[in-house]
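Participant: this is the structure alone, sequence omitted:
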């Protein structure tokens with residue numbers, strides 16, 4: 001069974017929706033974004049312990065603090081490549097950014113190959129179903145440009161500003 005809960009964000013952000021399989025967070029997205037399709041269908045609205053943990057994490061984050069814990073989450077249907085990109089994104093520190101190319105270069109080095117496609121990395125970053133907690137908003141174009149965000153450009157810019165990143 002799938003569950004869903006809504007989170008009211010502070011001003012300047014769209015509200016968020018979260019989904020769970022009953023134990024782990026399986027999706028976190030901005031409700032007015034194109035990422036809404038990542039939510040499972042046929043959900044029951046219920047405040048689960050995992051949702052309360054996620055709410056506590058989001059409250060800490062949106063208050064401008066760095067959360068010292070992470071809610072348990074699952075990346076459902078993650079290919080090995082998507083998992084590899086997600087693992088790299090998890091290591092991007094709060095208040096810093098990286099580029100799609102930089103992630104591609106790290107993966108190429110890990111795989112012992114000459115080159116990895118930054119576009120392929122972009123696809124894996126865009127696939128991410130757990131926004132903010134898996135910080136895909138911290139990935140920018142090589143020249144520091146905002147190249148898109150499934151959660152909406154307005155939210156990406158606001159998240160980066162919240163973390164003290166000048167755009």
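Facilitator: Nice, I can see it. From a predicted model like this one, the values you see are computed outputs, not experimental measurements.

Participant: where's the spatially most central residue of the chain relative to residue 3, distance?
Facilitator: For the chain, the residue sitting closest to the mean C-alpha position, by CA atoms, centre = their mean, is residue 131 at 2.1 Å. Remark: distance between residue 131 and residue 3 (CB to CB, to the nearest Å) = 18 Å. Backbone N, C-alpha and C define where each C-beta goes, glycine included.

Participant: just residue 36 next, same as before
Facilitator: Per CB to CB, residue 36 is found 16 Å from residue 3.

Participant: and residue 35, by the same measure?
Facilitator: 18 Å.

Participant: give me the spatial nearest neighbour of residue 155, chain neighbours excluded.
Facilitator: Spatial nearest neighbour of residue 155, chain neighbours left out: residue 30 (5.3 Å); criterion: CB to CB, 6 or more residues apart in numbering.

Participant: pull out the buried residues from the lengthiest helix in the chain.
Facilitator: Scanning the chain for the longest helix, with DSSP state H as the assignment, gives helix 49-62. Neighbour-count burial for helix 49-62 flags 50-51, 53-55, 57-58, 61-62 (criterion: 16 or more other CB atoms under 10 Å).

Participant: now do stretch 21-38
Facilitator: Buried residues in stretch 21-38 (16+ other CB under 10 Å): 21, 24-30, 33, 35, 38.

Participant: same check on stretch 141-159?
Facilitator: 147, 149-152, 155-159.

Participant: list just the nearest of these to residue 93.
Facilitator: In terms of CB to CB, no member of the buried residues of stretch 141-159 lies closer to residue 93 than residue 159, at 14.2 Å.
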